[in-house]
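K.L.:
this one's sequence-less:
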């Protein structure tokens, strides 16, 4: 995921899509991805599409959700958080405990 979209957190906190600026919570809502366990990370414009990355605490996975200018899903990539922080990671920040 990082080889394709860059290091986690390197993206933006706002994107302009079709002339409208969206912050990450608004993007999650627009895409139907707004749920209690979603922890926003960043958003990117790839030149062809857009990507929003968030942490899905229920699955302990980082998600890269790629979509077009009409907010239609192109693809979704998921990677377990342990790939970044190791198997003995402390997840309290992400899990909300």
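P.N.:
Yep, it's here. Keep in mind the model is a prediction, meaning the values are calculated, not measured.

K.L.:
could you point out the longest helix in the chain?
P.N.:
Longest helix of the chain, by residue count under DSSP state H: helix 24-30.

K.L.:
how distant is it from the center of its chain?
P.N.:
Here helix 24-30 is found 10 Å from its chain centre; the criterion is CA atoms, centre = their mean, to the nearest Å.

K.L.:
Tell me the helices and strands packed up against it.
P.N.:
For helix 24-30, the elements it packs on are strand 38-45, strand 50-56, judged by 3 or more CB pairs under 8 Å, 6 or more residues apart in numbering; DSSP states H and E. (Glycine included, C-beta is placed from N, CA and C.)

K.L.:
Run through the neighbouring helices and strands of the last one.
P.N.:
The helices and strands touching strand 50-56, judged by 3+ CB pairs under 8 Å, 6+ apart, are helix 24-30, strand 38-45, strand 61-67.

K.L.:
ok, now with 10 Å
P.N.:
helix 2-5, strand 14-17, helix 24-30, strand 38-45, strand 61-67, strand 73-80, helix 92-95 (3 or more CB pairs under 10 Å, 6 or more residues apart in numbering; DSSP states H and E).

K.L.:
weakest of those by average pLDDT?
P.N.:
Here the lowest mean pLDDT among the helices and strands packed on strand 50-56 goes to helix 92-95, at a mean of 48.
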